[in-house]
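J.: predicted structure and sequence below. I'll ask about it afterward.
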4 protein chains.
Amino acid sequence: MSEVSRRENNKTKRRTAILDAARAQFANKGLQATKMEEIAEMADVSKGTIYLYFETKDDLYVSVILDDFMNIEEQILEIFETDGSLFDKGKSTYLAFIDHCMQNTDYIKIAQYFLTDDARKNMSDKLIETVNEQTSRLIAYVARMVQVGIDSGFIREEIDPKIFSLMIWRMTVGLLELVFSGDTEKLGVGDFHDLFESAYDVLMAGIRKPAQKKSIRTNVEKLAERLRPDGII
Amino acid sequence: MSEVSRRENNKTKRRTAILDAARAQFANKGLQATKMEEIAEMADVSKGTIYLYFETKDDLYVSVILDDFMNIEEQILEIFETDGSLFDKGKSTYLAFIDHCMQNTDYIKIAQYFLTDDARKNMSDKLIETVNEQTSRLIAYVARMVQVGIDSGFIREEIDPKIFSLMIWRMTVGLLELVFSGDTEKLGVGDFHDLFESAYDVLMAGIRKPAQKKSIRTNVEKLAERLRPDGII
Amino acid sequence: MSEVSRRENNKTKRRTAILDAARAQFANKGLQATKMEEIAEMADVSKGTIYLYFETKDDLYVSVILDDFMNIEEQILEIFETDGSLFDKGKSTYLAFIDHCMQNTDYIKIAQYFLTDDARKNMSDKLIETVNEQTSRLIAYVARMVQVGIDSGFIREEIDPKIFSLMIWRMTVGLLELVFSGDTEKLGVGDFHDLFESAYDVLMAGIRKPAQKKSIRTNVEKLAERLRPDGII
Amino acid sequence: MSEVSRRENNKTKRRTAILDAARAQFANKGLQATKMEEIAEMADVSKGTIYLYFETKDDLYVSVILDDFMNIEEQILEIFETDGSLFDKGKSTYLAFIDHCMQNTDYIKIAQYFLTDDARKNMSDKLIETVNEQTSRLIAYVARMVQVGIDSGFIREEIDPKIFSLMIWRMTVGLLELVFSGDTEKLGVGDFHDLFESAYDVLMAGIRKPAQKKSIRTNVEKLAERLRPDGII
DNA sequence: AATGAATGAGTATTCATTCAT
DNA sequence: CATGAATGAATACTCATTCAT
C-alpha cells in the first residue's frame, strides 16, 4: 500500500469513527444535548480534529443522516433485483425500510429535525440542498414504481405518482416518529407490525385499479428494469 | 363589575396578550431563537410577568399550541353539525383542518417539535400528558367516524379505526410540515390544494367498501348524531 | 379594650407572627435561601404586609436576632439575682447562655452572618449600630463582673476586663459556630458539655489570683448589686 | 524546556493569576458581590478560562483560602525550627499567625464564610472535606504542643489538648473577625497588639502548672523535635 | 494532521421590592 | 392597613468554534 493511500485509508477510518460516535450520541440524547466533546471522546480524537472532517455540528449531524441514507438506498435496491409481482416488491421494500428505521432510529430523528424551523436557522443552504437531493431521489424511486403500476394497469390512472410518493413517505415517517416518541402506547397502539402493514394495505387499496386483468401481469418482467434509479423514466 | 371580576378580566387579557406575542415570535423564529425578552416587549409586559402566567418557556410554547388546538376543535365541531353524507362531512372537516393549519402555521410547528427528543428533555411530564390527551381526543373523533362508516356498510370491516386515525393524522401533519418547510417546490409539488385533496381521496378509496348498497345510504341521517364527541359510541 | 389599643394589639401579634416565621425559615435554610414569600406564607400574611413592619429582608433578619437577644438578656439577668459566689454565678450565666444557644441556634447563625463582609454591604448603618449597642451592653455586663472580681481580690489586677469580655464572647460564639457547623465530630470532639465547661474553666484559671484570701469572700454580698446592668459602675 | 513542561508552566502561571485576582476581589467586596467577570478581567483571561481551572465560584473561593492556608503552614513551621522554650515558641507562632492574618485578611473571611449555613448549601462535600482536613492538621499541631507541655510538666494534666486547640483557634479567629469587622473601635478596643497578646497570656495562665519544677526545664531541648508535624507523637 | 487550551457570546429565571387598588 | 400583581435588575455557567503549537 502506498504512503498516500495509507494516509487516505486513515482519514477514512477516522471519519467513520467520528460519524459512528456522533450517530450514537445524537440518537441517545438528541442534537442539542449532545456535546462535541462527548463525540470526540467516544471517537477517540480531539475536539479540534472533528472540525478537520466536518465544518460544524450541524454539518456533522446531517452527515450522519446522509450516511444512513446511503445505507438504506443500498438495501432497498437489492430488493428490487429480486423477482416477484409489483405489489409484492413494493411491500418488501416498504417493510425493509420500516425494519431499517426501527433498528436505526437515528435516521428518522434527523428527518424530524430537518424540517424544523430551528434547524433551518443553523443549517447552510448547501446542507439543505444535499439532503433534498437525496430525498428527491428516494421519492423518485417510489414515483417510478407507481408509474410502472399505472402503465401496467395495476394502478388507477388518476393517481399522481409524485403526490402518492410524498403521501406514503410522510405517513410512514410520521408513524415512525410517533412510535419513537413512545406515545403510541398512550394512544392505544400495541402491535407495530400490524400498524405499518395495515397502513400500507390501505394505501395500496386506495390506488389499485378495481378490476385487474391477468394478461397485464406478463409485462412485469419487462418493466422491472425501468425501476433502476438511473433508469430512463 | 366587581373588583375581583375586574381583576380576573385583566389577568385573562394579559394572558392572552402574552400568548399572542409568543405565537407570533415562535412562528417567526422557532422556539430556540425566540427570546423571552422579545415576547415580553411585544406583549407589553415585563419579563417577570410572563413567569406569573407560565412556568417556563416550554410551558408557554406548549400553551400556545394548546390554545390553537382548542380553536381547531371548535371549528371542526361546527362542521359536524351540518347535514350531508358521511364522506362529505369527513372531507369538509379534513379540508377545514388543512385550511386552519395553512393559516395558523404555529400549530403544526409545535406538533413537529413535540415529538422530538430534544423537546422531551425539557418538557414536564404534565405538559406531555396534556398534549397527549388533546391529541387522543382528536384521534378519537376520527376513529368514531370510521366506526360509523363501518357500521353503516360504507367502510370495509377489516379497517382498524384507530390505526386509520393515526395514519391520516400523521400523513396530513407530515405533508403540512413538508409544505411549511418550503421544500415542496424543490420536490416538485405546485398546487397544495391538489396535494391534500388527492391524499384524502386515496385514503378514502383505500377504506371504502367496493360494492356500496344504495339502501344503506338512507341511514346516514340517523347515524349523524353518533358522531358527536360526547356521543354514546 | 379601646379601639386604639385593640389595633395596637393586632399589630403586635402580626409583627410577632412574621418574626417567628422568619426565625424558623432563616434557621432552617439560611438567609440567602429563604424567600420573603415563604415567610409571608408561614406568617399567614401577604408579601406586601411584611414591608409594613420591616424595611428590608436584612432588617427583618436582624430584627429576629435582636428579639433573641432580648430574651437572652432577660434570662441571664435572672441568674444574677440568685445568691452565690462570683465564679459560681459567672459559670451559671455562661452555661445558661450556652444552653440557650444550643436550643435557639438562630442567634449564633445571625451573629455569624453579622460580622461578614457580605452582610455589611446590604445592611443599613442604623442596623449595625443597633446590634452593636446590644452587644456592647452584654459585653459590659461581663466586664463589670470581672471588675468586681478584681476589686474583690479574686481576679488578677493585670486583667483588662474589656479584653477578657471580648475573649470569652468570641471564643464561646466561635465554639458554638463550630458545633453548629457539624464539623466538630470530624474534628474529634464528642461531648459538648465537656467542651464548653473545660473552656470556661481554663479561662477562669487564666485570670484567677493564685492565692485567694478567705477574708475577701465576705465582700461578695456587698458587691452583688454592682453587677446590675443599670448599676453605677 | 520541553513542550509539555512549558505548557505545564503556563497553566500554573494562569492558575496563580486567577487565584490572585480572585483573592483581591473577594477580600474587597465579599463573595456574593464579586462577579466572575471581574475576576476574569483582573486576571486577564476570559470568563470561560476560569472554569477550566475551577469548577464553580465557590470552588474558586475555597481554593483561595486553601492557598493561604498552605502559606500560613509554611511560615509557622519555620518558627518551630528555632530554639527557645516551649511557651516562647508557642507565643511566636501565635503572633506570627496573627500577623499573617492581619496582612492577609482573606483567610479569616473565608473561614468565617465557611462555617456558615449559606456556604454549606452551595459547597461540594469534597470542598468541605478538604478544608476540614487542613484545619484538623493545624489543630493537631497545637494539640501536640500542648501534649508536650503536659509531658514536660509545664501544663496541667487535666487539660485536654484537643479542646484547648479548638478554644485558642476559635477565640483567635473570633477576635480577628471582630477586628476586621471594624466594630472593635465602637466596642472600645484600641490596641490590637495588646488585645491579642493579653488573650494569649490569659489562655496560657489558664493551663500552666502553678508550681513548675526547674529540673524539668532541661527537657525542653529534647522535646522540641517531637513538635514536628511528621513527628512520632 | 492533530491537539486542546482559550475564547466569549448568549439567556432563562429568580425574587426583593413597589404601589395601585 | 392589607393585598398581590407587576417589576426588572442581576449573573453564573456552557460549549461550539478557533488557532497557536
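T.: On my side now, so go ahead.
J.: in chain A, what residue is nearest chain C?
T.: Chain A approaches chain C most closely through residue A:33 (29.0 Å), counting by Cβ to the nearest Cβ. For the C-beta atoms, the positions are set from N, CA and C on the backbone; glycine is no exception.
J.: OK, contacts around that residue?
T.: B:118, B:121 (Cβ atoms under 8 Å, 6 or more residues apart in numbering or on different chains).
J.: separation between it and residue B:123?
T.: Going from residue A:33 to residue B:123 by Cβ to Cβ, to the nearest Å gives 13 Å.
J.: residue A:72 too?
T.: From residue A:72 to residue B:123 the distance is 30 Å (Cβ to Cβ).
J.: give me the buried stretch members for stretch A:35-50, please.
T.: Within stretch A:35-50, the residues that count as buried by 16 or more other Cβ atoms under 10 Å in any protein chain shown are A:36, A:38, A:39, A:40, A:43, A:45, A:50.
J.: give me the contact list for that stretch.
T.: A:14, A:17, A:18, A:20, A:21, A:22, A:24, A:25, A:57, A:60.
J.: among those, which ones are buried?
T.: When these are checked for burial by 16+ other Cβ under 10 Å, the buried set is A:14, A:17, A:18, A:21, A:22, A:24, A:25, A:57, A:60.
J.: make CSV out of the contacts of stretch A:35-50 and add secondary structure.
T.: Converted to CSV, the contacts of stretch A:35-50 look like this (DSSP: H, G, I helix; E, B strand; the rest coil):
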residue, secondary structure
A:14, helix
A:17, helix
A:18, helix
A:20, helix
A:21, helix
A:22, helix
A:24, helix
A:25, helix
A:57, helix
A:60, helix
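J.: keep only those residues that also lie close to DNA strand F.
T.: The residues of these that also fall near DNA strand F, by Cβ under 7 Å from any atom of the strand, are residue A:57.
J.: which one of the contacts of stretch A:35-50 is nearest residue D:167?
T.: Nearest to residue D:167 among the contacts of stretch A:35-50, counting by Cβ to Cβ, is residue A:25 at 56.6 Å.
J.: wait, that closest one touches residue A:19, no?
T.: No - Residue A:25 lies out of contact with residue A:19 (Cβ atoms under 8 Å); the separation is 11.0 Å.
J.: tell me which residue lies nearest the centroid of chain A.
T.: By Cα atoms, centre = their mean, chain A has its centre lying nearest to residue A:69, at 5.1 Å.
J.: list the contacts for it?
T.: A:107, A:134, A:138.
J.: who wins for neighbours among these?
T.: Top of the contacts of residue A:69 by neighbour number is residue A:107, holding 23 neighbours under the definition other Cβ atoms under 10 Å in any protein chain shown.
J.: contact partners for it?
T.: Residues in contact with residue A:107 (Cβ under 8 Å, 6+ apart) are A:65, A:68, A:69, A:72, A:100, A:101.
J.: show me what the host helix or strand of the last one is packed against.
T.: In this case it means residue A:101. Per DSSP states H and E: residue A:101 is located in helix A:86-103. Under the contact definition 3 or more Cβ pairs under 8 Å, 6 or more residues apart in numbering or on different chains; DSSP states H and E, helix A:86-103 sits against helix A:57-81, helix A:105-114, helix A:125-152, helix A:161-181, helix A:192-207.
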